[in-house]
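Chemist: Need a 3D model of the sequence below.
(chains A and B)
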Amino acid sequence: MTIGVSAIGQGLLFGILGIALFLTFRILDFPDMTVEGTFPFGAAVAVSAIANGINPLVATILATLAGMVAGLSTGLLTTKGKIPVLLAGILVMTGLFSINLRVMGRANLSLLNQPNLFKQGFLPQLPPAFASVIVGGLVVIIVVIMLTLFLNTRLGQGFIAAGDNPNMARSLGINPDRQKILGLVISNGLVGLAGGLIAQNNGFADVNMGIGVIVIGLAAIIIGEVSFGNLTLSQRLIAVVLGSIIYRFILLIVLALGFNPDDLKLISAIILALVIMVPTLEDKFRLKQTLTKGVRKDD
Amino acid sequence: MKKMIGFIVLLLAFLGVAFYFGEREISQSRQKTDTPTVGVLQLMSHPALDAIYDGIKDGLKDAGYEVGQDVKIDFQNAQGDQSNLKSMSEKFVNEKAAVTVGIATPAAQALANATMDIPIVLGAITDPVGAKLVANNRRPGGNITGVSDQAPLGAQLDLMQEILPKMKNLGIIYTSSDDSAATQAKMMATLAQKAGLTVKKYSVNSTNDITQVAAQMVQNVDAVFVPTDNTIASSMETLVAATNAQNIPVFPTVDTMVKQGGVATSGINQFKLGQETGKMVAAILQGKSEPATTPIHFEKTGQLIINKQQADKLGLKIPAPVMQKAQEKGKIIK
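Modeler: Got it, this is the predicted structure:
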């Protein structure tokens, strides 16, 4: 049971990453590679700050701000520097690798026996893994509410419009470049937040912890979309978080079935591919149904 | 929307049940089963790390634990994806493993974060104190003890000075993102400076940097030291190509790297470290030792391995006593 609770907790924390990717990948419609650098950046900032005696809550906020700065760099490179967004992200991600080493002073920094957000107040008294559910749940609720409020403002609507159709947005007096920067800043701020929280929950930060996080975020988005169908924008944010929880459960099942660990990556890739193909397969299936129905009617 | 609310209700119900039964689950967790489970968590597949795992199985067998009969091994490998480490550690806690083993630092840290009472044996972690896994190498104090893969750096430095008495500038090349490599590089730098050498450290980020950094390095040094470093181990040939061009000898810490073009090492044997780890696990299973009072095991003397072919190529004369020692206790590659 504990392991299921832990999967929910981790799903919630990685759900923040999923929401962040949703903003750039789905709303603004571009891939942001910065994420693989921002995630360990947030972790490095949070863990180093705590190691230096800073309050974990403040450290987590610093991680978010650090992520925003990284997003701003990518945003400026791509809009002012005219570097394609994919490349700009990769450049910032590469640069962040060295910065992360500088921030931590070494490749791996541990938090064992130090305070963190998951060990404050009444949280340690809860059954194991419940701290991550409560902290993760709270942060997710705050993030979803704030994003919903933001997306319903004039600025937020402009943000959505800029992603839908930059040319039309420009004709309406919206500056798509500014929206792009804004999206990257918010999104990477959330990634930094996720990195800071997950490092505290794991008990350490490591410079290599960003490898593969884009896949985790995209998996959350896609599983959420496939599982819960047509939704309003703010409901889709929640669906992404639920998708992230489902992804954790899928991994858990794969682990529990006792597959050869060497095959783990292949299995998760196959499962993801299948999930992504569900709508296509369903369409084909329905197509057949309607065809046979049509034939019967003719009879 | 209905589906989504249904799913959220399901999740909350599950959490409610788990909360209600949570306490009971813990009180049962100390029950002993007939065949104890040993949970082994490895960061990724890699020849050195795999050799440790093989050594662990061998060490357990030596201590009378036939894998599959007297002991069950649950082997998990995160394949480099650190987000898996946490779920895997919790799986061990959940299945009430008797002992867990962490191979590579992040794996051990994930285990340490998952449990405060199940014994954890470190399967070759370079710097247990630096990684904050134990408070003290002699008397760990908590539920963690184990084996360090720190190369016997003092012996290694002695060996380098014996072969190259005139050495003044020592180059150290390592990967900055590899915590154990960076730690060893730092330790070797301190030792060598104390011995009166000028040390120049060169770090790389990935295998792609090695050619350039090595070309720069060989201009400034008389010999090159390589710590236990996964990245450089996998591109040793690249490094040797650059050093051979200037007739500069390379002294690695791992036996396989000597074969690939290093001159000599007083190095560690990963398999042997694994065996030592396995023995420690067995001792804990038998109740003969407690992690809190078991000191971290360090290899004091390494295995002397000399690549004669490479030494001849560089025009190096290996002193007779060293050759003799390698012949008797170590290995000579001809």
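
Chemist: Tell me if the strand or helix carrying B:Gln212 is near chain A.
Modeler: Per DSSP states H and E, B:Gln212 falls inside helix B:210-217. No - Helix B:210-217 is not in contact with chain A by Cβ under 8 Å from any Cβ of the partner chain; minimum separation 14.1 Å. Heads up, the C-betas are built off the backbone N, CA and C, glycines and all.

Chemist: what's around residue 74, how many residues?
Modeler: Because you didn't say which chain, this covers chain A. 32 (other Cβ atoms under 10 Å in any protein chain shown).

Chemist: wait, I meant chain B there
Modeler: 17.

Chemist: which SS state does it fall under?
Modeler: The three-state label given to B:Asp74 by DSSP: H, G, I helix; E, B strand; the rest coil is strand.

Chemist: contacts for the helix holding B:Gln212?
Modeler: For helix B:210-217, the surrounding residues in contact (Cβ atoms under 8 Å, 6 or more residues apart in numbering or on different chains) are B:171, B:173, B:200, B:202-204, B:224, B:232, B:235, B:238-239, B:241-243.

Chemist: Report the lowest-confidence entry in those residues.
Modeler: Ranked by pLDDT, these bottom out at B:Ser235 (85).

Chemist: Roughly how far does that residue sit from chain A?
Modeler: 17 Å (Cβ to the nearest Cβ, to the nearest Å).

Chemist: Now that residue: closest residue in space that isn't a chain neighbour?
Modeler: In space, and not counting its chain neighbours, B:Ser235 is closest to B:Thr207: 4.3 Å by Cβ to Cβ, 6 or more residues apart in numbering or on different chains.

Chemist: Please apply the same query to B:Thr238.
Modeler: Nearest to B:Thr238 is B:Ile210, by Cβ to Cβ, 6+ apart, at 4.8 Å.

Chemist: same thing with A:Leu57?
Modeler: A:Leu117 (6.5 Å).

Chemist: Quick check: the one you found vs chain B, distance?
Modeler: 14 Å.

Chemist: how many other residues sit next to that residue?
Modeler: 23.

Chemist: same thing with A:Met168?
Modeler: 12.

Chemist: so how far is chain B from it?
Modeler: The value you get for A:Met168 to chain B, if Cβ to the nearest Cβ is used, is 29 Å.

Chemist: what sits against that residue?
Modeler: Counting by Cβ under 8 Å, 6+ apart, A:Met168 makes contact with A:Ala161.

Chemist: switch the cut-off to 10 Å
Modeler: If you count contacts by Cβ atoms under 10 Å, 6 or more residues apart in numbering or on different chains, A:Met168 has them with A:Ala161, A:Ala162, A:Ile174, A:Pro176.

Chemist: quick one, what contacts the nearest residue to A:Ile271 once chain neighbours are set aside?
Modeler: Leaving aside its sequence neighbours, A:Ile271 sits nearest to A:Ile250 (Cβ to Cβ, 6+ apart; 5.7 Å). By Cβ under 10 Å, 6+ apart, the residues touching A:Ile250 are A:Ala7, A:Ala219, A:Ile223, A:Ile267, A:Ser268, A:Ile271, A:Leu272, A:Val275.

Chemist: Dump those residues into JSON lines; add pLDDT as well.
Modeler: Putting those into JSON lines (pLDDT from 0 to 100) gives the following:
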{"residue": "A:Ala7", "pLDDT": "90"}
{"residue": "A:Ala219", "pLDDT": "89"}
{"residue": "A:Ile223", "pLDDT": "90"}
{"residue": "A:Ile267", "pLDDT": "82"}
{"residue": "A:Ser268", "pLDDT": "76"}
{"residue": "A:Ile271", "pLDDT": "80"}
{"residue": "A:Leu272", "pLDDT": "78"}
{"residue": "A:Val275", "pLDDT": "78"}
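
Chemist: so where's the chain uncertain?
Modeler: Using chain A. A:261, A:287-299 (pLDDT under 70).

Chemist: was after chain B, sorry
Modeler: Across chain B, the ranges flagged by pLDDT under 70 are B:22-33.

Chemist: Would you mind giving the domain segments of it?
Modeler: Annotated domains of chain B cover B:37-149+B:270-298, B:153-267+B:302-332 [the TED database].

Chemist: most tightly surrounded among those domains?
Modeler: Highest mean neighbour count of those: domain B:37-149+B:270-298, a mean of 21 (counted as mean count of other Cβ atoms under 10 Å in any protein chain shown).

Chemist: Straight-line length of that domain, end to end?
Modeler: End-to-end distance for domain B:37-149+B:270-298, by Cα to Cα, to the nearest Å: 26 Å.

Chemist: Phi first, then psi, for B:Gln303.
Modeler: Per-residue torsions, B:Gln303: phi -90, psi 130 (degrees, to the nearest 10).

Chemist: so who does it touch?
Modeler: B:Pro152, B:Asp255, B:Thr265, B:Ser266, B:Gly267, B:Ile268, B:Asn269, B:Lys272, B:Ala326, B:Lys329, B:Gly330, B:Lys331.

Chemist: Pull the distance from stretch A:130-139 to the chain's centre.
Modeler: Centroid separation for stretch A:130-139 versus its chain: 16 Å, with Cα atoms, centre = their mean, to the nearest Å.

Chemist: can you tell if that stretch touches chain B?
Modeler: Yes - against chain B, stretch A:130-139 shows contacts by Cβ under 10 Å from any Cβ of the partner chain at A:Phe130, A:Ser132, A:Val133, A:Ile134, A:Gly137.

Chemist: just to revisit the earlier point, take the contacts of B:Gln303 and keep only those in strands.
Modeler: Mapping the contacts of B:Gln303 onto strands (DSSP state E) picks out B:Thr265, B:Ser266, B:Gly267, B:Lys331.

Chemist: Including distance to A:Asp263, could the residues you listed go into TSV?
Modeler: Supplementary listing: the ones in strands among the contacts of B:Gln303 in TSV, determined by distance: Cβ to Cβ, whole Å:
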residue	distance to A:Asp263
B:Thr265	35
B:Ser266	38
B:Gly267	33
B:Lys331	36
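
Chemist: Looking at those, spot the one nearest chain A.
Modeler: Nearest to chain A among these: B:Gly267, at 21.9 Å, using Cβ to the nearest Cβ.

Chemist: who's in contact with the closest one?
Modeler: B:Gly267 touches B:151-152, B:155-156, B:159, B:228, B:251-258, B:299, B:302-305, B:330, counting by Cβ under 10 Å, 6+ apart.

Chemist: Roughly how far does B:Pro291 sit from B:Met187?
Modeler: For B:Pro291, the distance to B:Met187 equals 25 Å [Cβ to Cβ, to the nearest Å].
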